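In: Make a model of this:
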Amino acid sequence: MVQAKTWSLTKHFDGFPKDSDLELKVEELPLIKLSEQPQNNSLEHTCFLFLQTLKAHCHHGRKLDEARHLIDRCFLSSSVVLFFCRVIQSNNPAFPVGSHVIGRCGWRTHTVCDGTDLIPIMPDWPQDEAFNYKTVGSLEETLKKASPDGYDCFFENVGGPSSSVALQQMKNFGRIAVCGAISTYNDTTPQTGGKLQCREHITQGFEKMPAAFMGILKGENVGKAIVAI
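Out: Residues are numbered from 1 along each chain as shown. This is a model prediction of the structure:
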């Protein structure tokens with residue numbers, strides 16, 4: 001048997017959630033046996049939970065003893081966006097032991113699943129490199145060492161000088177998601193940002209105006225099309 005810890009909702013939130021609204025339980029889960037092959041079950045150990053605002057879709061008018069099972073079920077099914085799990089036992093060939101999956105299970109340390117709604121993660125998941133950007137000697141050199149060829153994606157959640165350093169190492173056509181710039185939230189004087197550079201396609205001579213215009217339609221220009229008179 002495997003012990004699974006789970007969080008359940010004991011009553012509906014009245015204003016801000018309280019510790020007494022939640023209860024930590026321990027469940028005994030059965031081991032997955034190879035003889036159960038037709039069931040295609042797998043046992044997953046939760047590595048990370050990605051939270052969202054709780055949405056307990058139960059009716060407030062129900063008595064607690066009538067709605068307890070609904071409250072628990074709603075909390076487990078709707079209070080987590082995604083869970084990231086490692087398969088530790090399995091007789092499901094689609095999810096072998098050691099593989100990682102993403103899905104929904106609620107606030108649980110372990111769960112038994114038949115594979116429905118599970119999303120397998122590629123087995124050759126790249127080795128993410130982690131460091132404290134506040135303590136490294138040179139953020140620029142650290143980023144270059146981690147990915148000498150530059151970066152395809154950048155999730156901006158800090159702002160300030162570190163953002164400027166990261167922008168310089170983006171690949172062409174890289175994607176940047178701006179979530180926040182917390183390092184500048186309390187500044188009384190705005191920080192100086194990096195200068196934006198844009199490419200221009202300049203055609204010399206007013207007489208070449210038609211040619212420049214038709215060039216745009218053919219995709220001959222790279223950057224902003226300008227006619228210098």
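
In: From Asp187, how far out is the residue in the chain sticking out farthest from the centre?
Out: Farthest-out residue of the chain from its mean C-alpha position, per CA atoms, centre = their mean: Glu207, at 53.3 Å. To Asp187, Glu207 is 51 Å away according to CB to CB, to the nearest Å. For every residue, glycine as well, the C-beta is placed using N, CA and C.

In: Then Ile229?
Out: Using CB to CB, we find Ile229 at a distance of 43 Å from Asp187.

In: So these two - more neighbours on which side?
Out: Between Ile229 and Asp187, counting by other CB atoms under 10 Å, Asp187 is the more crowded of the two (11 against 8).

In: Provide the secondary structure category for that one.
Out: Put simply, Asp187 is coil when judged by DSSP: H, G, I helix; E, B strand; the rest coil.

In: Equivalent analysis for Ser183, please.
Out: Classification of Ser183 by three-state DSSP places it in helix.

In: what number of residues lie near the closest residue to it other than its chain neighbours?
Out: Of all residues not flanking Ser183 in the chain, Gly160 sits nearest, at 3.7 Å (CB to CB, 6 or more residues apart in numbering). Using other CB under 10 Å, Gly160 has 14 neighbouring residues.

In: Please apply the same query to the one 10 residues further on.
Out: Look at Met170: counted by other CB under 10 Å, it has 15 neighbours.

In: what do you get for His110?
Out: Neighbour count for His110, taken as other CB under 10 Å: 19.

In: now do the one 10 residues further on
Out: Pro120 sits with 15 neighbouring residues when counted by other CB under 10 Å.

In: So what pairs up with it in the strands?
Out: Per DSSP bridges, the residues bridged to Pro120 are Val101.

In: and if you look at Gln3?
Out: Going by DSSP bridges, Gln3 is paired in beta bridges with Glu28.

In: hang on, Lys208 is in a strand, isn't it?
Out: No: counting by three-state DSSP, Lys208 falls outside a strand, being helix.

In: Per-residue pLDDT of it, please?
Out: Looking at Lys208, its pLDDT reads 89.

In: right, and it touches Ile229 too?
Out: No: judged on CB atoms under 8 Å, Lys208 makes no contact with Ile229 at a distance of 9.9 Å.

In: Enumerate the helices of the protein by residue range, in sequence order.
Out: 64-78, 139-146, 161-167, 209-218 (DSSP state H).

In: Out of the ones you listed, name the one with the poorest average pLDDT.
Out: Here the lowest mean pLDDT among the helices of the chain goes to helix 64-78, at a mean of 45.

In: contacts for stretch 216-224?
Out: With contact meaning CB atoms under 8 Å, 6 or more residues apart in numbering, stretch 216-224 is reached by 198-201, 212, 215, 225.

In: about what we covered before: phi, psi of the residue nearest to Ser183?
Out: Backbone dihedrals for Gly160, given as degrees, to the nearest 10, come out at phi 80, psi -160.

In: Contacts only, for it.
Out: For Gly160, the contact set (CB under 8 Å, 6+ apart) comprises 181, 183-184, 191.

In: Could you check the pLDDT of it?
Out: In this model, Gly160 is scored at 85, pLDDT.

In: Give the buried residues for stretch 211-229.
Out: 212, 221, 227 (16 or more other CB atoms under 10 Å).

In: same question but for stretch 104-121, I mixed them up
Out: Buried residues in stretch 104-121, counted by 16+ other CB under 10 Å: 104-113, 115, 118.

In: All set, thanks.
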